[in-house]
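Student: Predicted model, plus sequence, below.
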Amino acid sequence: MTSANEKITNEMFQPADLAQSESEKISENVVSVWRDAMRRFFQNKGALASLVILTLIILLAIFGPYFNHYGANTQDLNKSNLPPKISALSFLPFFSGEQAGVDIYQQHNVHEDHWFGTDQLGRDLWTRTWDGTRVSLLIALIATLADVFIGVTYGGISGYFGGAVDNILQRIIEIISGIPSLILTILLILIMKPGITTITISILLTNWVPMSRIVRGEVLKFKNQEFILASTTLGASHKRVLFKHLIPNSMGMIIVNTMFSIPTAIFFEAFLSFIGLGIRDPQASLGSLINSGYEVLQLQPYQTLYPGLVLCLLLISFNLIGNGLRDALDPKLRR
Amino acid sequence: MGRYVLKRIGFMIVTFFVVVTLTFIAMKMLPGTPFLNPKLDPTQRQALMHEYGLDQPLAIQYVKYIWELLQGNMGTSFQYGNEEVTTLLFQKFPVSMNLGFEAIIIGAILGTLLGIFAGLHRGKFLDWGSMIFSMLGISIPSFIFAGILQYFLGVAIPLFPVAGWEGASSHVLPVASLAVGVLAEVAIFMRTEMVEVLNQDYIVTAKAKGLSKNAVVFKHAVRNALIPVVTILGPLTAAIITGSLVIEDIFGIPGIGDQYVKSIVTNDYPMIMGTTELYAALFILTIFIVDLLYGVIDPRIRVSGGHN
Amino acid sequence: MMGKLLEVKNLQVQFDIFGAHVQAVRGVTFELNKGETLAIVGESGSGKSVTSKALMGLIPNPPGKIKEGQIVFEGKDLVANTEKDWMKLRGKDISMIFQDPMTALNPTMKVGKQIMEGLILHQHMSKSQARERAIDLLRRVGIPNPEKRVEEYPHQFSGGMRQRVVIAIALACNPKVLIADEPTTALDVTIQAQILDLMRDIQKDTGTAIILITHDLGVVANMAQRVAVMYGGKIVETGTLDEIFYNPKHPYTWGLLSSMPKLHAKTDKLQAIPGTPPDLSNPPKGCPFAPRCPYAMKVCVDQMPAYTHLSETQKAACWLQDERAPKVEPPKTIGVGGE
Ligand SMILES: Nc1ncnc2c1ncn2[C@@H]1O[C@H](COP(=O)(O)OP(=O)(O)OP(=O)(O)O)[C@@H](O)[C@H]1O
Ligand code: SF4
Ligand SMILES: [Mg+2]
C-alpha cells in the first residue's frame, strides 16, 4: 500500500459522508425470492426440457386427434394391425409401413397413412394415443384441484386451529393413510362401475393426504411468527390470516408438492386402466392402450411403444419439473 | 416404549376394522349379488337369502361377518368350485411374498449403495448419471418396464423366460421389473440423506479428530443417513403390492396379485373381500413393524421411548 | 514471551459459488505463542470461522480454497499439506471445539466411543485403554458419574454437558493448539462461565495454546492475553488485551467496545454499529469499514489503509493513523475504557 500512498493528497483526508448511500445500495441488492427461484428454475436444463416436452404433449393431446379424419373409434377390420407409416418419412424403417420387408399397406390396399399404425380392430393409434393422453391430463387436473382445494384447506385448518380440531383431523388422516389407496379404489370400483368417475372420486379421496400434511407442517411453522401474530392482534379474521398470510407463505411447498402428486395420479389411472379396472374399451387411455398392445407385443411392438412412450414422457416431465421447482424454491439451497 | 407399542397396536386394530367395515359396506352396496338373478323366482330367492343369512338386519349380519372373519373363515370362492377363500390365499400368498421380498431386498440394497455413491460424489458426473437413472426408475411404471424387459431380454434376445415362476431364471425379469422402482426410490432418498448428513456439524467434528475420509463416511455418515431410509419401507410395500398386481399378470405368476385382478373382473366377491383384508393387514403390519424398527435402530427414540 | 507456535502469514481464502468469488479471508496475518490465549473477535461473516477452519485443513473444497499465504506450525508450512498429513495433525496437534454442542456430536454414536476414536487413532491405544482414558477425560471436564456416562448417547446430555464432551474429544490427545469457535454462544449464561472456567483450568494444566473465536468482548476480557479484531475478511487491529480495551485505535474496535454492555450500566441497551458488513464477493477496494465508519474520509473509499505499528504488540489498519488525518478522539461510550 506504500506505493499508493504517494498519490494520496491532503484533501483526501476530508470527511466523506458515505454511510447512507452505501447501505442503500446493499438493500437494492436483495433480489426477490420468487424472481431468484424463477432464475434458478430456468437454469435447470432437465426441468426446462421437460417443460417443453410437456407443452408439446398438451398441444398434441388437444389438437392431435384433428390432424387426420379418423375417429378414435372408427373400426375397419381391413386395416387391422397396420404398422406406422408416414409417407414423407418412409425412408425411416419405423415409419415405412413395412413389416419384414413387406409393405403391409399395399398388401391391404390402404392408401392413407396411419402415423402410429392401427390396432387389432383397425383403429388409428395416433388418434387413440392422443385421445388417451387427454384422460391422463384430465387426471392431472383433477389431482391438482384435489391437492389445492382439499389438501391445502384441510391441512391449513388442521394446523391453524390446532388443539381438538387438529387432533380429530389428524386421526382421520391416520386412518385414511393406513389403508392403501389401491384398496380404497378397488372397493369403490366394486360399488360403482370402472371409469373416469370412479377414478376421480378415488383421487379426491386419497391423493391430497400428503399435501395436507405438508401444509399443516408449514402453517405450524409460520403460525407463531411475528408478522402473523401482528395481524392477529390487529384483528384480522381467521380466514384472512389463513388464506392471506399463512398459505401464501407456504406457496413454494404447495407448488412443489402438487407437481409431485400429479405423476402419482397419472400413474394410478394408467395402472387401473392397464389391469382393466379403469377406462375400458372402446374409450382410450394410455394404460388400456398399452394393455391391448401387450397382447401383440411380440409381433406389433409399436402398438405398445407409442402410448408407452407418451406415458413415460408425461411422468418423467412432471417429476423433473417438480424436482426443478423444489431445487429452485428450497430455502436450504438459497444460502 | 411399552405404552407406545400398545397405543400403536390399538390404532392398527382400529384401522383394520375400518377396512373390514368398508369392505362389508361395499359388499352390501353391490349392484349385482348373485341372488338378484332374474331367473330365480321370489321364493327361491327368499330361501337362498335365508340360507346365507341375508334376510337378517344389517347389524346382525355385520357381527356375524366379523365373528366368522376372526375365526379365519372368509367364505368360499365363486370361481374355483367353492374352494375356501382362506385355502386359496394360503396357497398363493407365498408366491407373492417371495416375489415381493426378492424385489424389495434387491432394490433396497442396490438403491442404498447407489444413493451413498451419488451422495459422496455430489454434483459430479457419476452423481448425475445415477440420479438420471433413478429419475427414470421412479417415473417409468413397472408395467412398462416389464414390457421392455420382456421384449428385449425375453423375445429379442431370449435370455430369460417371459412367463412362469419355476426356477431361478424365471425370477429374473419379474423381480427386476418390481425392484427398479424400489431401487430408484431408495437411491434418491438415500442420496438426499447422505448430502444432508455430510453437511452436519458432527461430520466436521469427526474430520477434526483426524479420521480418514472412509472412516468419516462409513462410521459417521452412512449410519446416520441409513436410519431414515427405514421410514420409506412402508410406502415401498404399498408400491410393491400395487406392482405385483400387474407384474404377476404380465409374467403369469400364480400369486394373489394376479388372483385379485381376476376375482375383480369375475365378481368373485368372497375372494375380493379376503384378498382386500389380507392386503390391508399386510400393509398395516408393515407400517407397524417399520415404526418399531425405527425405534430400535435410532438411539434417540430407543431410550426415551418418545415418538413424535 | 514463550516461543512462537503458529504463524499465519497473508492467508487468503476464497469460495467459488454461483459464479461469484467470495473472498472470505483476505490476507490475514497473526501468530500464536505457546500457552497463550489469542482471541479473534468480529461480527458475523467477518471470516473468523473460515480462518480457523483453514488452520485445520477443513475448508470444504470445492467450493473453498486457500488462494495464498502460509500457515507455519512448528516450522512447517501446513498449506502444502496432503490430506494424509492433515489427518496426522488434526485432533493430535491442533484440535477444535465447535459452536453448537447440540449438533457437534454424532447422535447415533455413544459418547465414549466418540472420545475413544481419536485416542485409538493417534495414540494407538487398545479399546480398553481408550475407554479408561475416555472416562478420565469425562471426569476431567466435570461430568459426574463418567463410568456410566461413556455408554450414553449425546441426546441424554444437556447442552452444557455436551459442550464438555466436545471439549473432552478435543483434548483427548493433548493438542498443542486448541481452536474454540464460539464455544459458549449456544449456552446460557451460567453454563458459559462454567465452560470458560473449565477451559482456563485445562490450559493451566496442559499449557495448550488457545485460539478463542467470539463476538463477546466480555469473554475476551476473561480469557485472552492478546486480541485480533477482524472485519470484512481482514484483521483491522491487533494488540494485547490491555491495548485493545484501554487504548484501541481502530474505529471498528471502538464500535465493538461501545456495543458491549457495561457490567454496571443502568441501561442494558446494546449500541449496535449501524449498517451491514461488506459483500465479500465484491469486496471494497478501500477500507472495508468505510461505509459504516463515522470518521470515513475520502481516502478511505478506494485506498486500503496499511498497518500502523503503535507498539511492539499493537497495530491497526486505519487512515486515521496517518499524520495528515484529523485528530479524532475515541467515543466516550467505550465499554471498559475510561474510568
Ligand atoms: N462453505 C462456504 N461456502 C461459501 N461461502 C462460505 C462458506 N463458509 C463461509 N463462507 C463465507 O465466508 C464468509 C465468512 O464466514 P465465517 O463463517 O468465517 O464468518 P464468521 O466470522 O465465523 O461469522 P460467525 O460469527 O457468524 O460465525 C461469509 O461471508 C460466508 O458467506
Ligand atoms: S480507514 Fe477510514 S473508514 Fe476505515 S476505519 Fe479508518 S477512518 Fe474509518
Ligand atoms: Mg463462525
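Tutor: That came through fine. Ligands and ions are numbered 1, 2, ... in the order given.
Student: show me where the stretch 151-300 of chain A has helices.
Tutor: Under the criterion DSSP state H, counting those that start in this stretch, helices of the stretch 151-300 of chain A are mapped to A:152-161, A:163-178, A:181-191, A:196-206, A:209-223, A:226-233, A:238-240, A:247-249, A:251-274, A:286-295.
Student: Residue B:282 and residue B:190, how far apart?
Tutor: Relative to residue B:190, residue B:282 is positioned 25 Å away (CB to CB, to the nearest Å). Where C-beta positions appear, they are placed from N, C-alpha and C, glycine not excepted.
Student: How about residue B:204?
Tutor: In terms of CB to CB, residue B:204 sits 21 Å off from residue B:190.
Student: Show me which of the two is the more surrounded one.
Tutor: Taking other CB atoms under 10 Å in any protein chain shown, residue B:204 and residue B:190 do not tie; residue B:190 has more neighbours (27 against 20).
Student: Tell me if the more buried one really is in a helix.
Tutor: Yes. Residue B:190: assigned to a helix according to DSSP: H, G, I helix; E, B strand; the rest coil.
Student: For it, give me its contacts.
Tutor: Residues in contact with residue B:190 (CB atoms under 8 Å, 6 or more residues apart in numbering or on different chains) are B:111-112, B:114-116, B:119, B:225-226, B:229.
Student: do the same with residue C:30
Tutor: So residue C:30 contacts C:7-8, C:38, C:228, C:235, C:238 (CB under 8 Å, 6+ apart).
Student: Contacting chain A as well, which ones from these?
Tutor: For chain A, no contacts are drawn from the contacts of residue C:30 by CB under 8 Å from any CB of the partner chain.
Student: of those, closest to chain A?
Tutor: Among the contacts of residue C:30, residue C:235 lies closest to chain A (CB to the nearest CB), at 14.7 Å.
Student: tell me which element that closest one falls in.
Tutor: Assigned by DSSP states H and E, residue C:235 falls within strand C:234-240.
Student: Helices along chain B, start to end?
Tutor: Along chain B, the segments classed as helices by DSSP state H run B:2-28, B:42-51, B:58-70, B:85-120, B:125-139, B:142-149, B:168-198, B:201-208, B:213-215, B:222-229, B:233-250, B:256-265, B:269-297, B:299-304.
Student: any idea how far the second one is from the chain center?
Tutor: What that stands for is helix B:42-51. With CA atoms, centre = their mean, to the nearest Å as the basis, helix B:42-51 stands 40 Å off its chain's centre.
Student: Just the CA trace of it, in PDB.
Tutor: The C-alpha coordinates for helix B:42-51 follow below in PDB (Å, rounded to 0.1, in the frame of the first residue of the first chain):
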ATOM      1  CA  PRO B  42     -89.100 -64.900  -5.300                       C
ATOM      2  CA  THR B  43     -89.500 -67.900  -3.100                       C
ATOM      3  CA  GLN B  44     -86.200 -69.400  -4.300                       C
ATOM      4  CA  ARG B  45     -84.500 -66.200  -3.700                       C
ATOM      5  CA  GLN B  46     -86.100 -65.900  -0.300                       C
ATOM      6  CA  ALA B  47     -84.800 -69.400   0.600                       C
ATOM      7  CA  LEU B  48     -81.300 -68.500  -0.600                       C
ATOM      8  CA  MET B  49     -81.200 -65.300   1.200                       C
ATOM      9  CA  HIS B  50     -82.300 -67.100   4.300                       C
ATOM     10  CA  GLU B  51     -79.700 -69.700   3.900                       C
END
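Student: What is it packed up against?
Tutor: The helices and strands touching helix B:42-51, judged by 3 or more CB pairs under 8 Å, 6 or more residues apart in numbering or on different chains; DSSP states H and E, number zero.
Student: where along chain C do the strands fall?
Tutor: C:4-17, C:20-33, C:37-41, C:64-73, C:76-77, C:94-97, C:177-181, C:209-214, C:226-231, C:234-240, C:307-309, C:315-317 (DSSP state E).
Student: So which of those has the densest surroundings on average?
Tutor: Neighbour counts (mean count of other CB atoms under 10 Å in any protein chain shown) averaged over each of the strands of chain C peak at strand C:94-97, with a mean of 27.
Student: is any part of that one close to ligand 1?
Tutor: No. If you take CB under 6 Å from any ligand atom as the test, strand C:94-97 misses ligand 1, and the best it gets is 12.8 Å.
Student: Next, the buried residues of stretch C:186-205.
Tutor: C:186-187, C:191-192, C:195-196, C:198-199, C:202-203 (16 or more other CB atoms under 10 Å in any protein chain shown).
Student: For that stretch, what is the distance to the chain centroid?
Tutor: That offset, for stretch C:186-205, works out to 15 Å (CA atoms, centre = their mean).
Student: what residues does that stretch touch?
Tutor: Against stretch C:186-205 from outside (CB under 8 Å, 6+ apart): C:35, C:37, C:99-102, C:140-142, C:159-160, C:163-164, C:167, C:171, C:178, C:180, C:183-184, C:208, C:210, C:219, C:222-223.
Student: ok and the host helix or strand of residue A:311 relative to helix B:142-149, angle-wise?
Tutor: Under the criterion of DSSP H and E, residue A:311 resides in helix A:302-329. Using axes from the mean of the first three to the mean of the last three CA atoms, to 10 degrees, the inter-axis angle of helix A:302-329 relative to helix B:142-149 is 120 degrees.
Student: picking that back up, between the contacts of residue B:190, which has the most around it?
Tutor: In the contacts of residue B:190, the most neighbours by other CB under 10 Å go to residue B:115, 30 neighbours.
Student: can you tell me how far it sits from residue C:306?
Tutor: 53 Å.
Student: go on, residue C:65?
Tutor: 26 Å.
Student: go on, residue B:78?
Tutor: For residue B:78, the distance to residue C:306 - CB to CB - is 96 Å.
Student: Comparing the two, which shows the higher neighbour count?
Tutor: Neighbours per residue (other CB under 10 Å) separate residue B:78 from residue C:306, with residue B:78 holding more: 18 against 15.
Student: circling back to that earlier point, next, format the strands of chain C as TSV and append mean pLDDT and distance to ligand 2.
Tutor: Shown next, in TSV, are the strands of chain C (pLDDT from 0 to 100; distance: least, CB to the nearest ligand atom, whole Å):
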stretch	mean pLDDT	distance to ligand 2
strand C:4-17	88	20
strand C:20-33	89	14
strand C:37-41	93	16
strand C:64-73	88	23
strand C:76-77	87	31
strand C:94-97	90	31
strand C:177-181	91	26
strand C:209-214	92	21
strand C:226-231	93	9
strand C:234-240	92	7
strand C:307-309	87	10
strand C:315-317	90	7
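Student: can I get those in CSV with distance to residue B:293?
Tutor: Shown next, in CSV, are these (distance: least, CB to CB, whole Å):
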stretch, distance to residue B:293
strand C:4-17, 39
strand C:20-33, 43
strand C:37-41, 46
strand C:64-73, 39
strand C:76-77, 50
strand C:94-97, 35
strand C:177-181, 37
strand C:209-214, 42
strand C:226-231, 48
strand C:234-240, 53
strand C:307-309, 61
strand C:315-317, 59
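Student: buried residues in stretch C:293-311?
Tutor: Neighbour count says stretch C:293-311 has C:293, C:295-301, C:303-305, C:307-308, C:310 buried, by 16+ other CB under 10 Å.
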